[in-house]
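1. Okay, here's the prediction I keep looking at, along with the sequence it came from:
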Amino acid sequence: MTPPGISERFKTGLWRENPGLVQLLGLCPLLAVTSTFVNGFGLGIATLAVLVASNGLVSASRRWIRSEIRIPIYVLIIASLVTCIELIFKAWFPSLDRSLGIFIPLIVTNCAIVARAEIFASRNPVGSSIVDGLVMGSGFALLLMVIGMFRELLGQGSLFSRLDMLFGGEPMRGVVFTDGGWLLAILPPGAFFSLALAIAAKNALDRRHQKKLRGSMARRARGQSR
Amino acid sequence: MNDAAILKSGVTLAVIAAVCTAMVALTFRLTEERIIGNEQAWLERSLQPALSGLFFDSGVTESKVVIPPPHELPGSQAALIYRVYAGDAPVAALFVVSARDGYSGPIRILIGIDVNGGVTGVHVLEHRETPGLGDRIESTKSDWVKQFDGHSLVDPDPAGWGIRRDGGQFDQLTGASVTPRAIIKAIKETLLYFDANSDEIFADAATEIGSEEEKP
C-alpha cells in the first residue's frame, strides 16, 4: 500500500476525519474558548504546535517504548510540551495568555492529542507522524477559528476584534458591523449550537456530494448498458 | 514481565522524564526574563486607572503590602495595598480586594483612594459575571465604574453608597443589579477601612502589616 499524498492527508485532517467535527475530540476547549476569532486562533495554534511536537517525539521514541509504559510516557511528553507552550505564550503573547487562561494548560487533557499519539505516531515514522500532527492540528485549529468567527459575529457584531493580543499595540476593535449582538451566541449554549450547526453543515455537504457522485455513476451505468 | 523488562521500562521512563524536564527547564530559562517583564508591565498598566491625575513617585509596585485573610477588607482572599507617595508625603492608597457577592464568584477590583478619602478610580481586574449583562463593569465595555471617581464617605454619606433602587446614589446596570450592588458594597467597605486605618497604612514600610509574598 502506498502512503496517501500530502493533499489527500490534508483532506482527511481538515474534512473527512476532522478531530472536532467528526471525531468529536477536544470539545471542552473547543466550546469554552471560541467566543471570539482571536481566542479560537490562539488556542488552535497552541494545540497545533503541541500536536506536531508530541507526534514527532512519540514517533521518535516509539522503538524503545514497551507497550506497558506507553501511556505514562505520552502523558510526560504531552505535559512537558504544553508547559513549554504555556511559557512561550506568557513570554510573547501575554494578553492572549490572560484571555485563554486555564485553557492553555488544559491542552494536556485534549484527548485529540493522546489519541493521535496512540493511533498514529506510535506506529509510523517520524516524518509521517509530524505530517499527521500538522493535518489533524490544522483541522482542529480551523474549526476553532470558524466557530470563533461565527460566535463573535453573532454575539458582538464584529470580526477579528482584539487582534492586538497577537501583534501587540493598542486594543483593536476589529471590523465592527453593529454594536452589541445576540448575547446567546457568546454564552456557553451558543457554543453548543454553533458546533451543532457546523456538524450539520458538514454532513449536509457530504450528503450532497455523495448524491452527485451516485447520480453520475448511475448515468455512466446507463450509458454503458445501451 | 520479568525483572529485566521491568528494569528496562524503568530506565526508559527515567530517561524520557529527564529529557522532558530538560526541555521544560530550557524553555523556562529562555522565557523567564520576558515573563517577569510582562508581569511587571501588566501590573503597572492595571494600576493606571486608579492613578490618573495624581502626581507621585515611581516605584508604586514596590510599595505593596499583602494582607492575608482574615481582614476587615472585602473578600476572603488576600488583599493588596499599594501605597503612593510624592517624596515623603502620602498621596493615595490602591487597594486590590474581592467583592464576594457577585453573580458568579468573587470579583477582583482595584480601588484607588487619595489621602483625603476620595475615590481616584475603580477598575475591575477579574470577574466571571454574565457576558452582556454584568460584564459591563469592565471599563472597556462601559463607563459604569467611572461614576465613583471623586466620591467619598461624605459625598454621599455611607447610607448613599448603594444603587438607586436600594435608596443609594449610584446607577445600576440595565438588567443587572446583583453585580453593581456587590461592587458598591466592596468600595464602601474599603473606604471605611481606609478611614479607620489610614495612619497605619501610610506608616513606614518597616512596620508592614503583613509581609507574605503573593501575586496580585
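-> Everything's here; your move.
2. Now do the longest strand anywhere in chain B: which elements does it pack against?
-> Determined from DSSP state E, the single longest strand within chain B is strand B:89-99. Under the contact criterion of 3 or more C-beta pairs under 8 Å, 6 or more residues apart in numbering or on different chains; DSSP states H and E, strand B:89-99 touches strand B:79-86, strand B:107-114, helix B:178-202. For glycine as for every other residue, the C-beta is placed from the backbone atoms N, C-alpha and C.
3. how about that strand: buried residues?
-> B:Pro90, B:Val91, B:Ala92, B:Ala93, B:Leu94, B:Phe95, B:Val96, B:Val97, B:Ser98, B:Ala99 (16 or more other C-beta atoms under 10 Å in any protein chain shown).
4. Now do the contacts for the spatially most central residue of chain B.
-> Residue closest to the average C-alpha location in chain B (C-alpha atoms, centre = their mean): B:Val96, at 3.3 Å. Neighbouring residues of B:Val96 by C-beta atoms under 8 Å, 6 or more residues apart in numbering or on different chains: B:Ala79, B:Leu80, B:Ile81, B:Tyr82, B:Arg108, B:Ile109, B:Leu110, B:Ile111, B:Leu125, B:Pro216.
5. For the closest residue to B:Val178 other than its chain neighbours, what is the enclosing helix or strand?
-> Residue nearest to B:Val178 in three dimensions, not counting chain neighbours: B:Tyr103, with 4.9 Å by C-beta to C-beta, 6 or more residues apart in numbering or on different chains. Per DSSP states H and E: B:Tyr103 is located in neither a helix nor a strand.
6. hmm, back to that, which one of the contacts of B:Val96 is nearest A:Ser35?
-> B:Leu125 (19.5 Å; C-beta to C-beta).
7. could you give the angle of the longest helix seen in chain B to strand B:89-99?
-> Secondary structure of chain B per DSSP state H: the longest helix is helix B:3-47. Helix B:3-47 runs at 130 degrees relative to strand B:89-99, counting by axes from the mean of the first three to the mean of the last three C-alpha atoms, to 10 degrees.
8. Kindly format the C-alpha coordinates of the helix or strand of chain B with the lowest mean pLDDT as CSV.
-> Ranked by mean pLDDT, DSSP states H and E, the weakest helix or strand in chain B is strand B:64-67, scoring a mean of 84. Output of strand B:64-67 as CSV, limited to C-alpha atoms (Å, rounded to 0.1, in the frame of the first residue of the first chain):
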residue,chain,number,x,y,z
LYS,B,64,3.0,46.6,48.0
VAL,B,65,1.6,45.2,51.3
VAL,B,66,-0.2,41.9,51.3
ILE,B,67,-2.8,41.5,54.0
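9. how about that strand: buried residues?
-> Neighbour-count burial for strand B:64-67 [16+ other C-beta under 10 Å]: B:Lys64, B:Val65, B:Val66, B:Ile67.
10. near chain A, from these?
-> Filtering the buried residues of strand B:64-67 for proximity to chain A by C-beta under 8 Å from any C-beta of the partner chain leaves nothing.
11. can you put those residues in CSV and add distance to A:Ala79?
-> Formatted as CSV, the buried residues of strand B:64-67 follow (distance: C-beta to C-beta, whole Å):
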residue, distance to A:Ala79
B:Lys64, 33
B:Val65, 36
B:Val66, 31
B:Ile67, 35
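12. between those residues, which is closest to B:Pro74?
-> B:Ile67 (11.5 Å).
13. Quick one: mean pLDDT over stretch B:152-165.
-> Averaged across stretch B:152-165, pLDDT comes to 88.
14. Please spell out which residues along that stretch are buried.
-> The neighbour-count check on stretch B:152-165 (16+ other C-beta under 10 Å) flags B:Ser152, B:Leu153, B:Gly160, B:Trp161, B:Gly162, B:Ile163 as buried.
15. ok, the last one - contacts?
-> Taking C-beta under 8 Å, 6+ apart, we find B:Ile163 in contact with B:Phe170, B:Asp171, B:Gln172, B:Ser177, B:Pro180, B:Arg181, B:Ile184.
16. Local confidence estimate at the residue nearest to it when sequence neighbours are not counted?
-> With C-beta to C-beta, 6+ apart as the criterion, B:Ile163 has its nearest non-adjacent residue at 4.2 Å, and that residue is B:Gln172. Reported pLDDT at B:Gln172 in the predicted model: 86.
17. distance of B:Gln172 from A:Leu81?
-> For B:Gln172, the distance to A:Leu81 equals 47 Å [C-beta to C-beta, to the nearest Å].
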